[in-house]
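K.L.:
I would like the atomic coordinates for the input below:
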Amino acid sequence: MTAKASRADSARLMTEMPFTTFSFFTEMPRRQLALMAQSASALFRGSQEVRQIQQDAAQRASEHYEEAMHRLRGDCDYNDLLAVQAELIRFNMQEASQYWQQLATAGMKLQAEMVSSARDVALEGGDPTLESLQRVFAATLNGSGTAAFTH
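P.N.:
Predicted coordinates:
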């Protein structure tokens, strides 16, 4: 193959290839910034949700313990004392279970939202694919556009 023929093949390949393949490199910083902004936004929303879960749990605990305090301040016998203690233990176990379940749910929602936003940014535009980029690089490295399309 002559140098003149390989240059002609390379030139033909460059004119046949869509412009979007080369604009991929100019679009990449924008896509990365968009992904970072979406991920940060999802992370902040997740943080707000976790804070709300903590605040709700603290509110419920405060109300329950205040009620127990009022029951203990009044006249109570030994059975009442055991009943209050048993109720506090039951409440603590139930609330701890509910709290960790809510945190796990919030964490999974956050993870799903972040993966979804990364997928959306990655699929934006559809082209160029990895194969089209590999064809461009192969054509420029070997100087022949025909060898790049043999896959």
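K.L.:
only C-alpha atoms for contact and neighbour calcs from this point on.
P.N.:
Fine.
K.L.:
check contacts around I53.
P.N.:
By C-alpha atoms under 8 Å, 6 or more residues apart in numbering, the contact list for I53 reads Y99, Q102, L103.
K.L.:
dump stretch 106-115 to CSV, restricted to CA.
P.N.:
Output in CSV follows, covering the C-alpha atoms of stretch 106-115 (Å, rounded to 0.1, in the frame of the first residue of the first chain):
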residue,chain,number,x,y,z
ALA,A,106,-32.8,6.3,52.5
GLY,A,107,-29.3,4.9,51.7
MET,A,108,-30.6,2.6,49.0
LYS,A,109,-32.8,5.4,47.5
LEU,A,110,-29.7,7.6,47.4
GLN,A,111,-27.6,5.0,45.8
ALA,A,112,-30.3,4.2,43.2
GLU,A,113,-30.7,7.9,42.4
MET,A,114,-26.9,8.4,42.0
VAL,A,115,-26.6,5.4,39.7
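K.L.:
what comes up buried for it?
P.N.:
For stretch 106-115, burial by neighbour count (16 or more other C-alpha atoms under 10 Å) applies to A106, G107, L110, Q111, E113, M114.
K.L.:
confidence score at the third one?
P.N.:
Read that as L110. Looking at L110, its pLDDT is 89.
K.L.:
give the contact list for it.
P.N.:
Contacts of L110 by C-alpha under 8 Å, 6+ apart are A42, L43, G46.
K.L.:
Provide the backbone phi and psi angles at the first one.
P.N.:
Main-chain torsions, A42, degrees, to the nearest 10: phi -60, psi -40.
K.L.:
now do stretch 118-129, average pLDDT.
P.N.:
Stretch 118-129 comes out at a mean pLDDT of 61.
K.L.:
report the secondary structure state of W100.
P.N.:
On the three-state scheme (DSSP: H, G, I helix; E, B strand; the rest coil), W100 is labelled helix.
K.L.:
D75 too?
P.N.:
For D75, the assignment made with three-state DSSP gives coil.
K.L.:
residue contacts, it?
P.N.:
Taking C-alpha under 8 Å, 6+ apart, one finds nothing in contact with D75.
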